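K.L.:
Predicted model follows, preceded by the sequence.
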Amino acid sequence: MDRLWGFFTSVKLAVFTLIALAVASVFGTLVEQNLPREKYREIYKDWAFELMDRTDLFDMYHSWWFLALLVLFTVNLACCTIDRFPKALNVVRNPRTKLDDDLADTLPLAERWKRKGAAGEWAPRYADALSSLFAKPLVAVEGEEVHMYAEAGMASRFGVYVTHLSIIVIFLGAIVGSVAGFKGFANIPEGESVSQVPVRGGSRMQDLGFTLRCNSFRVETYPSGQPKAYISDLSVIDGGREVLRKRNVVVNDPLRYKGIWFYQASYGEAGGAVARVEVHGAGGSPPEVLSLAAGRPVAIPGYGFVSAVEYRQDYQGAGPALRLIVEKPGVPPSELWLPEGGNPGTSAGGDGKPPISFRGLAPWMFTGLQVARDPGVGIVWVGCGLMILGIVMAFFLSHRRVWLRLSKGADGRLEVVLGGAANRNRLAFEKAFGKIRDGLKGVGA
Amino acid sequence: MSNVLLFNLTTVLFGAASVLYLGALYAKNDRIAVYGSWVCALAAVTSTAALGVRWLESYRMGIGRIPVTNLYESLVFFAWSVNLFYMAVERKYGSRTIGAFVMPIAFLTMLFAVTNDSTIQPLVPALQSYWLHAHVITCFVGYAAFAVSAGVAVMYLLKSRREREGVSGGVVGRLPESRVLDDLVYRAIVWGFPFLTAGIITGAAWANYAWGTYWSWDPKETWSLIVWLVYAVYLHARITRGWHGRRAAILSIVGFGTTLFCYLGVNLLLSGLHSYGGG
């Protein structure tokens, strides 16, 4: 049992797993992951294919042995913490506050000098000086002897545990995400909706619990023709009504609703054409671009439903135009022709014309959205924060300890012994210790 | 295009600094090394101005964005980081001999940079994010620290061999004591490691915001993890198993090798999501 515990708490095992994870990861980047099987047959000879297939090298990061390596890594991490944390706590809680000769011999930094007088009269001066030079000391009087102990940067001792804990927290977040979350994909043609999406890597469909509609999709380009933005205009329909609309869902700015995130990921042509119309808002607000697919009514708030029914290259000798049908509740549907590029009506229905202008035909597009729900992601970020905190604590803080002993020497004079130790950055502490020593030696001089 | 002229001037200055530092070492003349420091400072001013001018020029073109978005820009930013990190080390440690081993890294990086396309390109949609700044800056400070560590590790290996042989003179005799070099290899990694960690985390946060997944075992992500693991091994081996000196120095050089592969190799040799830097 002890040997098993010793195995799991050894740094040797930690270094071995770190190296094993690194080497395995290299393989995973050299062998392209998750290609179709036929592709691998083309790339590799039969025997290599068999071998790699059997060792799951084509989906290595999800293979049993890679997961086993991660589990071993986590167990090692947890055992090391359980094994060592109480000791670190003990160092901090029960510090050795007395500088006896045994300790003085083992300290990397020690200095002795002599003074005339008694310990009692020097002690307050040294305590004050130590406070201003380093940190307020703990003073203990033992007969003729006075012991002082001061420390700083205790948190340094715990940085390593915070860092190790953070890795476990991140793994926990990843597990929560993969158990309770899903990742899917949705291709939605303009004007159409989805309420369930296929889950990635499976045949399952995931219900969203609401409906997502793509109102329009467009690509903006730089003057050079390079793509500048892929923009989806999306609406969430929940409980039969539109509860959320985001007109500018772009890469790096997803839509979020009820814990489900929709990311702009791809696009394409859905086949056929749509009419692009501009709907002008009241009071000079910027116009909104809508895509009207043939025979699909689109709601314009405060106006009614509009559907495009016909397009003509040349309408009555005035160029291309679009025929619209406008339906209002309680009013018989009306019909109108909009010339391409023409001006809209002045206000919603004020002059009988809808506040719409026709901008031309465009290919019917679909937007491709990455869909994700990951309830573990918050836990992962907490872990990441802890990791940075832990690393900074572990490497940029240093637990520095200083001891001072005043005692009567054999010659009747007062003997002063100063000792110091630091768990990190010893070269810097050597310099700091030199300053403390000089400061203390200067006391009363 | 004046930014490119300034970058070309920077390249010349990095080359001059490298020659001066190396020359000072071989001529055993500290005065020459002082000129090297001045040239480094001048190069810092020039390259910072070049980055600023490039930034401004991108705004004037109507596509304003931080100049760290393709291979050319990332290389010059890497060289800029190495130079600044080295200057901080030189100031703190007061040894100019390190420059002979670190400034050539900046110079070679710039030489590679000037063979690449230097035109200012607009940002593709995937890069239009505030995470870009935090992600690139943290990664490159980390890379620069690892570069300095590896340069000093080479010095350590030269120096410690001479010390073992009991030879104190010669060019190597002018290098700082091996004890100091060993400590510097470690301290540079102690700076680089949290920055690399922050770089990976900001990358993950960004990926989550752009693609809906913070980790997808993309080659770039995976190699950044490999680099992280190598330096984690270094830190564990050093702190708990007392790996000092030669073995630690070799590990630092291996670490910088994986860093270079993560930075350049992945983009030039492997395919994946993170193809911008391959420009």
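P.N.:
The structure has been received and is ready for your questions.

K.L.:
list the buried ones in stretch A:45-62?
P.N.:
Using 16 or more other Cβ atoms under 10 Å in any protein chain shown as the test for burial, stretch A:45-62 gives A:49, A:52, A:57-58, A:60-61. In short, each C-beta sits where N, CA and C put it, glycine included.

K.L.:
what residues does it touch?
P.N.:
A:24, A:27-28, A:31, A:33-35, A:37, A:40-41, A:44, A:63-66, B:217 (Cβ atoms under 8 Å, 6 or more residues apart in numbering or on different chains).

K.L.:
out of the buried residues of stretch A:45-62, which are inside helices?
P.N.:
Judged by DSSP state H, these include A:49, A:52 as members of helices.

K.L.:
Let me have the buried residues of stretch A:45-62 in TSV, adding pLDDT as columns.
P.N.:
Shown next, in TSV, are the buried residues of stretch A:45-62 (pLDDT from 0 to 100):
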residue	pLDDT
A:49	87
A:52	86
A:57	84
A:58	86
A:60	86
A:61	87
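
K.L.:
now, which of the buried residues of stretch A:45-62 sits nearest chain B?
P.N.:
Checking those against chain B with Cβ to the nearest Cβ, the nearest one is residue A:61 at 4.5 Å.

K.L.:
was I right about residue A:28 contacting residue B:225?
P.N.:
No. Look at residue A:28 against residue B:225 with Cβ atoms under 8 Å: they stay out of range, at 10.1 Å.

K.L.:
Spatially nearest residue to residue A:96 (excluding sequence neighbours)?
P.N.:
Nearest residue to residue A:96 in three dimensions, chain neighbours excluded: residue A:103, at 6.2 Å (Cβ to Cβ, 6 or more residues apart in numbering or on different chains).

K.L.:
got the buried residues for the strand or helix carrying that neighbour?
P.N.:
Residue A:103 belongs to helix A:101-106 when assigned by DSSP states H and E. The neighbour-count check on helix A:101-106 (16+ other Cβ under 10 Å) flags A:103-104 as buried.

K.L.:
ok, residue B:85 - contacts?
P.N.:
Taking Cβ under 8 Å, 6+ apart, one finds B:141, B:144-145, B:147-148, B:188, B:191 in contact with residue B:85.

K.L.:
Excluding residues flanking it in the chain, which one is nearest it?
P.N.:
The nearest residue in space to residue B:85 (Cβ to Cβ, 6+ apart) is residue B:144, at 4.2 Å.

K.L.:
Let's see the pLDDT reported for the one you found.
P.N.:
pLDDT recorded at residue B:144 is 93.

K.L.:
Next up, phi/psi of the closest residue to chain A within the stretch 101-250 of chain B, please.
P.N.:
The minimum distance from the stretch 101-250 of chain B to chain A, using Cβ to the nearest Cβ, falls at residue B:212 (3.6 Å). Backbone geometry at residue B:212, expressed as degrees, to the nearest 10, gives phi 80, psi 20.

K.L.:
pLDDT wise, what is it at?
P.N.:
pLDDT at residue B:212 comes out at 89.

K.L.:
didn't it look like it was pressed against residue A:263?
P.N.:
Yes. The pair residue B:212 / residue A:263 is scored as a contact, 4.6 Å apart, by Cβ under 8 Å.

K.L.:
tell me, what's touching these two both at once?
P.N.:
A:254, A:370-372.

K.L.:
can you tell me how far residue A:402 sits from residue A:425?
P.N.:
15 Å (Cβ to Cβ, to the nearest Å).

K.L.:
Please identify which of these two sits among more neighbours.
P.N.:
Neighbours of residue A:402 and residue A:425, each counted by other Cβ atoms under 10 Å in any protein chain shown, are more numerous for residue A:402; the result is 28 against 20.

K.L.:
Assumed that one was part of a strand.
P.N.:
Yes. Assigned with DSSP: H, G, I helix; E, B strand; the rest coil, residue A:402 falls within a strand.

K.L.:
Enumerate the beta-bridge partners assigned to it.
P.N.:
Taking DSSP bridges, one obtains residue A:150, residue A:420 as the residues bridged to residue A:402.

K.L.:
Please report the distance of it from residue A:127.
P.N.:
Distance, residue A:402 to residue A:127, by Cβ to Cβ: 12 Å.

K.L.:
Which segments of chain B make up each domain?
P.N.:
B:1-113, B:125-279 (automatic domain parsing).

K.L.:
what's the offset of the shortest one from the middle of its chain?
P.N.:
Remark: domain B:1-113 is offset 11 Å from the chain centroid, using Cα atoms, centre = their mean, to the nearest Å.

K.L.:
Could I get the average pLDDT for that domain?
P.N.:
Domain B:1-113 shows a mean pLDDT of 90.

K.L.:
How about stretch B:266-279?
P.N.:
Mean predicted confidence for stretch B:266-279 is 66.

K.L.:
Just the strands from the stretch 1-150 of chain A, written as ranges.
P.N.:
In the stretch 1-150 of chain A, the strands defined using DSSP state E, counting those that start in this stretch lie at A:109-115, A:138-142, A:145-152.

K.L.:
Quick check: which of the ones you listed is buried the most?
P.N.:
Greatest average neighbour count among these goes to strand A:145-152 (a mean of 20), per mean count of other Cβ atoms under 10 Å in any protein chain shown.

K.L.:
Next, the angle strand A:138-142 makes with it.
P.N.:
For strand A:145-152 against strand A:138-142, the angle by axes from the mean of the first three to the mean of the last three Cα atoms, to 10 degrees is 160 degrees.
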